[in-house]
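1. Got a predicted structure here, sequence first:
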Amino acid sequence: MSVSLLHAQSITKSFAGARALGGVSFDLRAGEVHAIVGENGAGKSTLIRILSGAESPDSGSLAVRGQPIPALTPPLAHALGIATIYQQPSLFPHLSIAENIAIARERGSLWRRVRWSERRQQAREVLARLGVALDPDRLVGTLTMPEQQVVEIAKALATDARIVIMDEPTASLSGREVERLLAIVARLREEGAGIVYISHRLDEVFRVADRITVLRDGEAVATRAAAQIDRGELIRLMVGRDLAVVYPQRSGGAGRVALEVRGLSSRASGLHDVSFDVRRGEILGLAGLVGSGRTELAETIFGLRAADAGSTRIDGVEVRIRRPDEAMAHGIGYVPEDRRQHGVVLPMTIAANATLASLDRVARRGVVDAAAEQRAGERAVRELGIRTRSVDAPVESLSGGNQQKVALARWLAIDPSILILDEPTQGVDVGAKGEIHAIVNRLADRGTAVVLISSELPEVLALSDRVAVMREGTIAGVLPRGEATADRVMEMALRDPRRGAQP
Amino acid sequence: MTSAHGRERSVALALAALAAVLAVVRPAYFSPENLVDLLLSNLGVMTTAIGTTLVILTGEIDISVGSVFAICSVVAGVAAVHGAPMPIVALAACAAGAALGLLNGVLVASAGIPSIVVTLAAMIALRDALRWATQGEWIAGLPDRFQWLGLSQRSYPVAATLAVALLACAAAWMLRYSAAGRAVYAVGSNADAARLAGVRTARVKGAVFVAGGLLTGFGALLNAVRFHQIPSNGGIGLEMKVVAAVVVGGAAVTGGRGTIAGTALGVALLGAIGPALTFMGVSAYWERALQGAIILAAVAGDAMRAARTSARAAAEPAAQV
């Protein structure tokens, strides 16, 4: 039995009367990776915020290395060697990498002298440990998301933390960066640190975790050794029910070509000579690595980015789309990747969000008919199974999966003939994921041509009638359902040996 | 860092271009009398702008500086008329500014009211309070030792300029090389992250408002000693002058980016342009229009640079598997 680094006993926490945690106990030993899994809204984030001192619990106790800690604050957590890597990088965009790393580790009087050369040196050392070549003087705001995530991890390493809490550290990473991160996690464990690892990606969890704690509805329903539980049982514990078919099958049967893209190129967006088509009632999966141009392609088709060359045909007729409203007029809907920023308007109600793309249907002479809006909202809630108390609730009060359903509802209201979904289940819990899959299938059955972009290969393979694989801004190949296997898709996505630049 | 220095460079270039044009068409602009006059009338603005830079760096704003400036001028004058020695007069002006800054700071940092609302209220209320207290009367009968802080008319500009330069250097050094200064940037760049990193954000915000008030008080004093009377309605429009100079100097109104050097260049450019127009015989009405154009040009330059950077980030394939 190794040392208990961090022990939480019967933690409860409520927000405005809503219970987030109802008596959760959790412990972390030295030299282990302890994963926390659960659906969105199960209380993972709240638990992490309490373990890192960002929130204080209503009741319950915390102990670090056996010492009771009555009031944990972020600075105290730091002093105790707890470092937290938040899901959204908590970095300073206007400050340099070196300074971002230094702020996490330096302590002392507010009037102390800042030594820039020391800061740069430290940053260089930590970045070297991570095996990345980033200039410590670069402003964090100029970095890509994956690079920022690396800085976030460097911050935690620089503090020599013995307790590292990682909240969805791979959410914005993919492939090689995930591998590198998992290697870092393994190394930290070997060095005797304890790691709390939160992720929706169960494959990762099974790869790194020694123990897994499942949270459901604010309670810890089980803590198991990772070796003694399989994926199916873990999902059952998370959702509290059997998910009979995680990926529902669909009868299929595609109609005529709805969208045909030929030779689409754009230097600014890094696309060249992209050609593909989607039929009515068909789901075309768009697989590929992050950065292969999937989102750029979707945005170009939807008129958010300009194309230099190429043609787009809808139902056989050549069209020119320069703005999103023109795309919508041609029956194209687009659910963007970052739903919180682009997909939904967080402070607005469900009903208002659901009708945002179809205001002409609920408004008369420019005035929105509140009753019609209400009815449309209620229909969306009913048809998509959005879990909410009322259609008048602001979308920000919903869990991630339900927010995504609202983003979908907006497009379903205009009944698009072509719907492009960009990472529709990213950051969505297992239960809502299944429901979103069912909605996508239902849409295709109704005759919509669906383009599905997803980094989750099993999802693409299970839902798509055909899989188009993108690589470096172009379509590397298209595989029909029977031939689309994980191996073949990855092989196509990776074939170019020139890849391998440092991030 | 490079992008911030880019702005400083372009403002410096604009200033140099203005100087070059003036040197050719209106060499009289560079007469010692005019330069000293220009300098003296902008020392108060610069001192206030140092404080406003601090406030804007944290992502807040203070538009009450004009009213605070008026009050501090009157406080200094009243103290002097009542026979207080000059150090006490100076202290009174600074203390009055700091106290009003504290009031703003507490309302913003502790009560969490948006600073634009707090300082707008302060701007209006303080000005009318002063009008009521003075009944619109100007402070006259100032003792001789008040004039030029008791220095000679020749030595005062040198001493005052040195004092402001020293203040600016101290502020710049602090912002760059003290943890407190870096905390100011951190709070403005990402307040949540700053809090998680153990920075007491409310305290930092409160402190910059106090510093801003104190510097406004000192600026008011430097301005008041130039005249025989002190108006009860001084500092009108100062807040706009100061915010404009800070923004032209490259600070982001959303916080986290900006330097004292940039602010100094902004004050110099906006301060030099008005008299330059007069020298060139252009109607004074164009002064404000030109200042507005400079502000727009500065901010538009930023927006274009940001667009370029994000386009470049999008074009770089995020190398990964």
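-> Yep, that arrived.

2. How is the residue nearest the centre of chain B assigned, secondary-structure-wise?
-> By CA atoms, centre = their mean, the mean C-alpha position of chain B lies nearest to residue B:49, the distance being 1.1 Å. Here residue B:49 is recorded as helix under DSSP: H, G, I helix; E, B strand; the rest coil.

3. Contact partners for it?
-> Applying CB atoms under 8 Å, 6 or more residues apart in numbering or on different chains, we find residue B:49 in contact with B:242, B:245, B:246, B:263, B:264, B:266, B:267. (C-beta placed from N, C-alpha, C; glycine too.)

4. which one among those residues gets closest to chain A?
-> For the contacts of residue B:49, the closest approach to chain A (CB to the nearest CB) belongs to residue B:246, at 15.2 Å.

5. Kindly provide the distance from the residue nearest to the centre of chain B to residue B:195.
-> With distances taken as CB to CB, to the nearest Å, residue B:49 is found 28 Å from residue B:195.

6. Repeat that for residue B:17.
-> For residue B:17, the distance to residue B:195 equals 44 Å [CB to CB].

7. For stretch B:261-277, the averaged confidence score.
-> Stretch B:261-277 carries an average pLDDT of 93.

8. what residues does the helix or strand hosting residue A:48 touch?
-> Here residue A:48 sits within helix A:44-51, counting by DSSP states H and E. When contacts are defined by CB under 8 Å, 6+ apart, helix A:44-51 is touched by residues A:6, A:8, A:11, A:13, A:15, A:20-21, A:24, A:26, A:36-38, A:55-57, A:62, A:72, A:82, A:84, A:87, A:165, A:167, A:196, A:198, A:215, A:218.

9. Narrow those to just the buried residues.
-> A:6, A:8, A:11, A:13, A:20-21, A:24, A:26, A:36-38, A:55, A:57, A:62, A:72, A:82, A:84, A:87, A:165, A:167, A:196, A:198, A:215, A:218 (16 or more other CB atoms under 10 Å in any protein chain shown).

10. among those, which are in strands?
-> Among the buried ones among the contacts of helix A:44-51, DSSP state E puts A:6, A:8, A:11, A:13, A:20-21, A:24, A:26, A:36-37, A:62, A:82, A:84, A:165, A:167, A:196, A:198, A:215 in strands.

11. Show me the helices in the stretch 351-500 of chain A, by range?
-> For the stretch 351-500 of chain A, helices defined by DSSP state H, counting those that start in this stretch occupy the ranges A:359-362, A:370-384, A:400-412, A:430-445, A:457-463, A:486-494.

12. My error: substitute the stretch 151-300 of chain A in the last question.
-> Under DSSP H, counting those that start in this stretch, the stretch 151-300 of chain A gives helices at A:176-190, A:202-208, A:231-239, A:294-301.

13. lowest-confidence stretch among these?
-> helix A:231-239 (a mean of 81).

14. any idea of the mean pLDDT for stretch A:6-14?
-> On average, stretch A:6-14 scores 92.

15. residues in the stretch 201-350 of chain A within reach of chain B, list them.
-> Applying CB under 8 Å from any CB of the partner chain, we find that the stretch 201-350 of chain A lies next to chain B at A:268, A:269, A:270, A:289, A:290, A:291, A:292, A:296.

16. what does the stretch 51-200 of chain B put close to chain A?
-> Going by CB under 8 Å from any CB, the residues of the stretch 51-200 of chain B near chain A are B:176-183, B:185-186, B:188-190, B:192-199.

17. Just the buried ones out of those residues, please.
-> By 16+ other CB under 10 Å, these give B:178-183, B:185-186, B:188-190, B:193-199 as buried.

18. For residue 56, give me its contacts.
-> Reading this off chain A. A:50, A:71, A:72.

19. Switch to chain B, please.
-> B:188, B:243, B:246, B:247, B:251, B:252, B:253, B:255, B:258.

20. if I read this right, the fourth one contacts residue B:298, doesn't it?
-> Yes - contact criterion CB atoms under 8 Å: residue B:247 and residue B:298 qualify, at 6.5 Å.

21. Near the residue in chain A that chain B sits nearest to, how many other residues are there?
-> Nearest to chain B in chain A, going by CB to the nearest CB, is residue A:175, at a distance of 2.7 Å. Residue A:175: 19 surrounding residues under other CB atoms under 10 Å in any protein chain shown.

22. what's the helix or strand for residue B:61?
-> Short version, using DSSP H and E: residue B:61 is in no helix or strand.

23. try residue B:91
-> helix B:86-109.

24. Just the mean pLDDT for that helix, thanks.
-> For helix B:86-109, the per-residue pLDDT averages 97.

25. now for the next helix or strand after that helix, which elements pack on it?
-> Later in the chain than helix B:86-109, the nearest helix or strand by DSSP H and E is helix B:115-134. With contacts defined as 3 or more CB pairs under 8 Å, 6 or more residues apart in numbering or on different chains; DSSP states H and E, helix B:115-134 has these neighbours: helix B:65-81, helix B:86-109.

26. so which of those gets nearest residue A:313?
-> helix B:86-109 (56.9 Å; CB to CB).

27. For the helices of the stretch 151-300 of chain A, give me CSV that also has mean neighbour count.
-> CSV is the format used below for these (neighbours: other CB atoms under 10 Å in any protein chain shown):
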stretch, mean neighbour count
helix A:176-190, 18
helix A:202-208, 17
helix A:231-239, 17
helix A:294-301, 24
